[in-house]
Structure formats: C-alpha cells, structure tokens
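**Student:** coords please:
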Amino acid sequence: EEERDKQAAAAKLAEEEASKGEREAKAKADADKLARLQEEEREALLLRSQPMRRYLMDNVLPSLTKGLQEVAKMRPDDPVDFLAEYLFNADPQLT
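**Tutor:** Numbers count the residues shown, from 1 in each chain. As a prediction, this is how the structure comes out:
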C-alpha cells in the first residue's frame with residue numbers, strides 16, 4: 001500500500017509538472033500574441049494619423065505659431081483669449 005501511495009504521489013507530481021509546463025507555454029504564447037497585436041495596432045494608428053498630422057502641419061501650425069509669437073511679444077492679461085481672437089481674425093477662410 002505504501003508503494004501504491006508513492007506511485008500515486010509520483011503520478012500526481014508528474015501531472016502537476018506537465019500542467020505547469022502547459023500553463024507556462026500558454027502564457028508565453030498569449031504574451032507573444034498580445035505583443036504582436038499591440039504592434040499591429042500601433043502601426044495602424046500611425047498610418048491613420050498621417051493625414052491628420054499633415055493637415056495640422058499645413059493649416060493649423062503656421063497660424064498657431066504666429067499667434068503664440070504675438071502672445072509672447074504683447075504679453076496680454078488674458079493670453080488664452082488673446083490667442084483665440086488672434087486665431088479667429090487670422091483665419092484664412094474668413095478672408
């Protein structure tokens with residue numbers, strides 16, 4: 001009976017080791033898959049952001065830069081309101 005208990009304990013230990021190995025392998029596979037998905041998502045986001053970035057660089061940043069330079073030069077009491085008015089008045093679509 002003692003021998004049978006030892007064999008049962010050894011079998012249980014072997015089963016636990018195999019189960020642990022399977023869990024570790026699955027966890028590694030899941031981590032690899034998550035890393036691949038995150039990389040794909042980052043690449044897709046970069047591709048989608050290019051038109052927006054180009055628009056901002058071509059249409060928004062020139063006026064915004066000039067407006068911020070005016071704020072630095074004039075030092076108004078309310079720089080946010082000053083900048084908003086400057087940008088509104090500098091809107092090329094209004095002219």
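**Student:** measure Pro51 to Pro62 for me?
**Tutor:** Shown here: Pro51 relative to Pro62, a distance of 18 Å by C-beta to C-beta, to the nearest Å. For every residue, glycine as well, the C-beta is placed using N, CA and C.
**Student:** before we move on, what about Glu15?
**Tutor:** Distance from Glu15 to Pro62, by C-beta to C-beta: 69 Å.
**Student:** what do you get for Leu87?
**Tutor:** Relative to Pro62, and taking C-beta to C-beta, Leu87 is found at 11 Å.
**Student:** show me which of these two is the more surrounded one.
**Tutor:** Leu87 (15 against 12; other C-beta atoms under 10 Å).
**Student:** contacts only, for that one.
**Tutor:** Taking C-beta atoms under 8 Å, 6 or more residues apart in numbering, we find Leu87 in contact with 63-64, 67.
**Student:** what is the nearest of these to Pro79?
**Tutor:** Nearest to Pro79 among the contacts of Leu87: Gly67, at 9.9 Å, using C-beta to C-beta.
**Student:** so the closest one, which of the three states?
**Tutor:** helix (DSSP: H, G, I helix; E, B strand; the rest coil).
**Student:** which residues are in contact with the nearest residue to it once chain neighbours are set aside?
**Tutor:** Nearest non-adjacent residue to Gly67, counting by C-beta to C-beta, 6 or more residues apart in numbering: Tyr86, 4.3 Å away. Taking C-beta under 8 Å, 6+ apart, we find Tyr86 in contact with 66-67, 70-71.
**Student:** any idea how far Leu68 is from Tyr86?
**Tutor:** From Tyr86 across to Leu68, the span is 9 Å (C-beta to C-beta).
**Student:** show me what the helix or strand hosting Leu34 is packed up against.
**Tutor:** Using DSSP states H and E, Leu34 maps to helix 2-55. Packed against helix 2-55 by the contact rule (3 or more C-beta pairs under 8 Å, 6 or more residues apart in numbering; DSSP states H and E) you find no helix or strand.
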